[in-house]
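Engineer: Kindly generate the corresponding structure for this input.
(one chain, ligands or ions: 1)
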Amino acid sequence: MKKLLSLLIMVSLITVMVAGCGKTPERAEPATTEAESSESSETPEAPAAEEAGFAADAVIGVALPWLGTQNWAEADEMFKSKLEAAGFKAIVQHADNKVPTQQQQIESMVQNGAKVIVVGPVDGSQLGGVLEEAAAAGIFIIGYDRLIENTTAIDGVVQFDSIKTGVLQGEALLTGLAAQKGEGPYNIELFGGGPADPNAPNFFKGAMTVLQPKIDDGTIVVVSGQTDFTQAATLDWDNAKAQARMDSLLSGFYSDKEIHGVLCPNDGIARAVITASGQAGQETPVTSGLDAENETVTWIWEDRQYSTIAKPTDTLVSKTIEIIKALQAGNGLPAPDETTDNGMKEVGIYALPPLVVTKENIKEAFANDPGRLELLK
Ligand code: BGC
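Structural biologist: From the prediction side, this is the model:
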């Protein structure tokens, strides 16, 4: 009788424990048979179920938005080679900037048994449904380079600080104007990135913290008056659209004026703006940039583009794989550097520092990047 009683107590205790490990509104438990509960936790707020590891040769999915700028093409190659080298089976795909394609790709990664899905979203707010399905299957979801918005199905984001990037772009523009365009006031125009990309409004916001006071005190003049992100944004980060907007700004507002500088959110847009300016008979305006694309590294070296920002893909991919390895080993998510509100939850951000590059520091900046260093001859 005594034995029967203790057996009953044990059974009910196990039932309570199992129920306690179930899905939480925040995060689903990983559906893994190797799951082991662990006492230690680096992120105390993380549910215990996240502590379970998975097989060392598990499938890892990587869903990239497109390969339209050099950073994404580098990520595509590096994820394939580095994940395989770490012993994982990698499914790396890009969605050609199309939301439905990316949704289908993520669904198929879930069906293929991925344990972690890394996502650079085409549109930061259009993946909620598909990622919630993935989370319900116990899959970890890591944002790569871009935030994923309006969903709880996100475990963290690895990125170069996006507001800081914008601040650096604004500062580089001002420094370049003072260095190359004499005394102000300076005539400038503002460009933003693709509005679906959560980085784009942040880059712009960061830059405006630096530029707005200079607009207010008259040091710089946005001749077109187009100072809102919605007016400055470039649909889909499409360089041709940026060039067309620059053409019409120049013909509409600069037929009798010099343009001194342009805030550019990345290198492709900077090159489009510089090309349009040259075609309109303008001197090369000072621009900011981003990505340190090969073509821009050459343009900076040849004094055709003033600045860019280095955010090395190698560092970003390596950091992401470090997190995947921690999850695989059952160590849980490493502690993030900061958190940000994605509309539904505070998301942990693994933040890396962006670096401004001009002709002055370009050799030091790429001292460990033989490919780019080779271009500086
Ligand atoms: C990335 C940039 C890139 C842009 C367009 C952004 O989210 O941070 O590096 O230039 O997307 O592809």
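Engineer: Residue 317 is in contact with residue 145, correct?
Structural biologist: No - the criterion here is Cβ atoms under 8 Å, and residue 145 misses it with residue 317 at 9.8 Å. C-betas here are computed from N, CA, C, even on glycine.
Engineer: Overlap of the contact sets of those two?
Structural biologist: By Cβ atoms under 8 Å, 6 or more residues apart in numbering, residue 145 and residue 317 have these common neighbours: residue 75.
Engineer: ok, the residue nearest to residue 181 when sequence neighbours are not counted - how many residues close by?
Structural biologist: Take residue 181 and drop its neighbours on the chain: the residue closest to it by Cβ to Cβ, 6 or more residues apart in numbering is residue 260, 4.5 Å away. When neighbours are counted by other Cβ atoms under 10 Å, residue 260 registers 24.
Engineer: before we move on, what about residue 102?
Structural biologist: Counted with other Cβ under 10 Å, residue 102 comes out at 26.
Engineer: now swap in residue 107 and tell me
Structural biologist: Neighbours around residue 107, by other Cβ under 10 Å: 14.
Engineer: How about residue 201?
Structural biologist: 19.
Engineer: what does the model give it for pLDDT?
Structural biologist: Residue 201 is assigned 98 on the pLDDT scale.
Engineer: Which helix or strand contains it?
Structural biologist: Mapping residue 201 onto the secondary structure by DSSP states H and E places it in helix 199-216.
Engineer: show me the contacts for residue 201.
Structural biologist: 192, 195, 229.
Engineer: For PyMOL, write the selection for the buried entries among those.
Structural biologist: Burial among these is assessed by 16 or more other Cβ atoms under 10 Å; the matching PyMOL selection reads:
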select buried, resi 192+195+229
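Engineer: In JSON lines: the contacts of residue 201, plus secondary structure and pLDDT.
Structural biologist: Formatted as JSON lines, the contacts of residue 201 follow (DSSP: H, G, I helix; E, B strand; the rest coil; pLDDT from 0 to 100):
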{"residue": "192", "secondary structure": "coil", "pLDDT": "98"}
{"residue": "195", "secondary structure": "coil", "pLDDT": "98"}
{"residue": "229", "secondary structure": "helix", "pLDDT": "98"}
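Engineer: Rebuild the contacts of residue 201 as a markdown table, extending it with distance to residue 330.
Structural biologist: As requested, these are arranged in a markdown table below (distance: Cβ to Cβ, whole Å):
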| residue | distance to residue 330 |
| --- | --- |
| 192 | 42 |
| 195 | 40 |
| 229 | 43 |
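Engineer: Among the contacts of residue 201, which one lies nearest to residue 223?
Structural biologist: Closest approach to residue 223 among those (Cβ to Cβ): residue 192, at 17.1 Å.
Engineer: Quick check: residue 298 touching residue 372?
Structural biologist: No - at 9.5 Å, residue 298 does not count as touching residue 372 under the criterion of Cβ under 8 Å.
Engineer: Quick one: the helices in the chain, in order.
Structural biologist: Ranges of helices within the chain are 2-20, 70-85, 99-111, 128-136, 162-180, 199-216, 229-232, 239-253, 267-279, 294-301, 313-328, 362-365, 370-373, based on DSSP state H.
Engineer: and the ones you listed as JSON lines, adding distance to residue 186?
Structural biologist: Below are the helices of the chain laid out as JSON lines (distance: least, Cβ to Cβ, whole Å):
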{"stretch": "helix 2-20", "distance to residue 186": "62"}
{"stretch": "helix 70-85", "distance to residue 186": "29"}
{"stretch": "helix 99-111", "distance to residue 186": "39"}
{"stretch": "helix 128-136", "distance to residue 186": "43"}
{"stretch": "helix 162-180", "distance to residue 186": "5"}
{"stretch": "helix 199-216", "distance to residue 186": "9"}
{"stretch": "helix 229-232", "distance to residue 186": "17"}
{"stretch": "helix 239-253", "distance to residue 186": "14"}
{"stretch": "helix 267-279", "distance to residue 186": "14"}
{"stretch": "helix 294-301", "distance to residue 186": "20"}
{"stretch": "helix 313-328", "distance to residue 186": "33"}
{"stretch": "helix 362-365", "distance to residue 186": "24"}
{"stretch": "helix 370-373", "distance to residue 186": "30"}
